[in-house]
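Undergrad: Fold the following.
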Amino acid sequence: MPALDVIGLLLEVLSWVGLGAGAVLAIAWIAARSADGGWREVEVVVVPGVDQAAPVARWFAGDELHERPLDADEQAKLEGGVEDAIGWATAGGRLRFERRSHAARVLGLLALILLVVGVVALAAGLILSLTAG
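TA: Numbers count the residues shown, from 1 in each chain. All right, here's what the predicted structure looks like:
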């Protein structure tokens, strides 16, 4: 089997896998983004902890005052004596400091990578078939 045929076959497989899996992950990304809705930007006041207790975040959401201790990752992000920060909260009182969920970001990035691989492989396969043929 000539080398150009092997390369063409490899490019075709990459284009099918990249475009197919990328499309499925893009649909999953859209579903994850729409299921993640309902988060509103809020101002968060960080109150230092007492006696080595974790700092406490306080914010208003749904016309109620909410509070919860910060976990270790959040403390590391807000390190440096931050007294106020921007967060995203639900009316039910859940809080996070990233606009989008981690799962939605991972799905979006994987979908983008696979779609780019699929498009590049498709274009390279078309160019190869036009020049070799």
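
Undergrad: Domain-wise, how is the chain divided?
TA: Under the assignment automatic domain parsing, the domains of the chain span 1-36+100-133, 38-99.

Undergrad: Those domains: lowest mean pLDDT?
TA: Note on these: lowest mean pLDDT is at domain 38-99, with a mean of 82.

Undergrad: Next secondary structure element downstream of the helix or strand containing Val46?
TA: Val46 is part of strand 40-47 when elements are defined by DSSP states H and E. The element immediately downstream of strand 40-47 (helix or strand, assigned by DSSP H and E) is strand 56-61.

Undergrad: Which strands or helices does the helix or strand sitting right after that next one along the chain pack on?
TA: Of the helices and strands lying after strand 56-61 in sequence (DSSP H and E), the nearest is strand 64-69. In terms of contacts (3 or more CB pairs under 8 Å, 6 or more residues apart in numbering; DSSP states H and E), strand 64-69 is packed against strand 56-61. Just so you know, the C-beta spots here come from the backbone N, C-alpha and C atoms, and that holds for glycine as well.

Undergrad: please redo it, this time with the cut-off set to 10 Å
TA: In terms of contacts (3 or more CB pairs under 10 Å, 6 or more residues apart in numbering; DSSP states H and E), strand 64-69 is packed against strand 40-47, strand 56-61, strand 95-96.

Undergrad: Export the domains of the chain to a markdown table and append columns for mean neighbour count.
TA: Converted to a markdown table, the domains of the chain look like this (neighbours: other CB atoms under 10 Å):
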| stretch | mean neighbour count |
| --- | --- |
| domain 1-36+100-133 | 14 |
| domain 38-99 | 14 |
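
Undergrad: wait, which of the helices and strands packed on strand 64-69 is closest to Val24?
TA: For Val24, the closest of those is strand 95-96, at 26.6 Å, according to CB to CB.

Undergrad: and that closest one, how far out from the chain's middle?
TA: Distance of strand 95-96 from the chain centroid (CA atoms, centre = their mean, to the nearest Å) equals 15 Å.

Undergrad: ok, back up a step: the strand holding Val46: partners in the sheet, and parallel or antiparallel?
TA: The pairing partners recorded for strand 40-47 under DSSP bridges are strand 56-61 (antiparallel), strand 84-89 (antiparallel).
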